[in-house]
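1. Turn this into a structure:
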Amino acid sequence: MLIIFGLIVLSSYSQEKQSNSVFRVGENLKYEISYNWGLVWLDAGIINFSVKDYKGKLRLIGTGKTYKSYDWMFKVRDTYQSVVEPSSLDPIYFKRDVDEGGYIIKSQYKYNRKKQLVYSKYKVNDNAEKLDTIKREHGAVDIVTLLYKTRLININKMKKGDVVKLHVIFDNEITEIQLKHEGVEKVKIKDLGKYNSVKFSVNLIGGDYFEEGEKMYLWVSNDKNRIPLMVEAPILVGKLKMHIVSHEGLKYDMASKL
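-> I've put the predicted structure just below:
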């Protein structure tokens, strides 16, 4: 569940050096995820992102879980964590603990930033742990670090039609994802009202969740916080939607709220 969100909240990352002036320790974002089959929308679970202090560094934490009423169908308990430098968000360590329908993955990345290498540990269910060394090309980072790095870009400098390339390390591979600026528009969020937003699209990579060539859409708050507001995407069976439920500890007022 969480990785679906992560793969689509990659709104405006580039290889430019950026300094974090967008979010701070204490920020908490909460999202609800819903699935659609036919005419029925089913609220399936909750995703949380939080920023904590960790010995002078930042610990970025993402968790995802299904509601108890949905567990009988497909129980999810996901936790992703990254430790990064406070200003540059240069990654130091990443940990992933996933339990999705009894399919359990545990992985860790330790970054050697001087040599541009990533030392990986990867274990699935009761199989033997695998060790690997990944060459860190294109400045690629783990999914959680990338989620926060996207917010460092001033989206007001982008214009409709602009395309950016992103590089993420996932399952010991570096994947490139291309995103397109679709323009500025007002978006209505369930129970919260309307917001000014910047809309992005991404061509999906075929796999367990998505069909090759389909597009998903993301709306980001058009203010200094640059937080994801809503996501819509087709999946192999039905559709997926995520929307923000609450936010706490933002560094700036939500000026995008109408």
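2. where does the stretch 101-250 of the chain dip in pLDDT?
-> For the stretch 101-250 of the chain, the stretches flagged by pLDDT under 70 are 204-214, 236-237.
3. hey, where'd the strands end up in it?
-> With DSSP state E, counting those that start in this stretch, the ranges of strands along the stretch 101-250 of the chain come out as 103-112, 117-124, 130-135, 141-142, 163-170, 173-189, 193-203, 215-221, 228-234, 239-248.
4. which other helices and strands contact the fourth one?
-> In terms of contact count using 3 or more C-beta pairs under 8 Å, 6 or more residues apart in numbering; DSSP states H and E, strand 141-142 is assigned the packing partners strand 91-100, strand 163-170. Yep, even glycine has a C-beta here, placed from its N, CA and C like the rest.
5. could you dump these to a markdown table with mean neighbour count and distance to K52?
-> Putting the helices and strands packed on strand 141-142 into a markdown table (neighbours: other C-beta atoms under 10 Å; distance: least, C-beta to C-beta, whole Å) gives the following:
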| stretch | mean neighbour count | distance to K52 |
| --- | --- | --- |
| strand 91-100 | 19 | 14 |
| strand 163-170 | 18 | 22 |
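6. can you put those strands in TSV and add distance to D142?
-> Listed next are the helices and strands packed on strand 141-142 as TSV, based on distance: least, C-beta to C-beta, whole Å:
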stretch	distance to D142
strand 91-100	4
strand 163-170	5
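7. Out of those strands, flag the one nearest R136.
-> Closest approach to R136 among the helices and strands packed on strand 141-142 is made by strand 163-170 (7.5 Å; C-beta to C-beta).
8. That closest one to strand 130-135, inter-axis angle?
-> 150 degrees (axes from the mean of the first three to the mean of the last three C-alpha atoms, to 10 degrees).
9. partners of strand 163-170, with directions?
-> According to DSSP bridges, strand 163-170 has the following sheet partners: strand 141-142 (parallel), strand 173-189 (antiparallel).
10. Using JSON lines, please lay out the strands of the stretch 101-250 of the chain together with distance to Y67.
-> Listed next are those as JSON lines, based on distance: least, C-beta to C-beta, whole Å:
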{"stretch": "strand 103-112", "distance to Y67": "19"}
{"stretch": "strand 117-124", "distance to Y67": "26"}
{"stretch": "strand 130-135", "distance to Y67": "33"}
{"stretch": "strand 141-142", "distance to Y67": "27"}
{"stretch": "strand 163-170", "distance to Y67": "26"}
{"stretch": "strand 173-189", "distance to Y67": "19"}
{"stretch": "strand 193-203", "distance to Y67": "24"}
{"stretch": "strand 215-221", "distance to Y67": "23"}
{"stretch": "strand 228-234", "distance to Y67": "18"}
{"stretch": "strand 239-248", "distance to Y67": "13"}
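11. Which of those strands has the highest mean neighbour count?
-> Scoring the strands of the stretch 101-250 of the chain by mean neighbour count under mean count of other C-beta atoms under 10 Å gives strand 141-142 as the most buried, with a mean of 26.
12. any idea how far N20 is from L60?
-> Remark: distance between N20 and L60 (C-beta to C-beta, to the nearest Å) = 11 Å.
13. correction: D97
-> 15 Å.
14. again with G45
-> 20 Å.
15. So in terms of bridging, what pairs with L58?
-> Going by DSSP bridges, L58 forms beta bridges with D53, V84.
16. Appreciated, that's everything.
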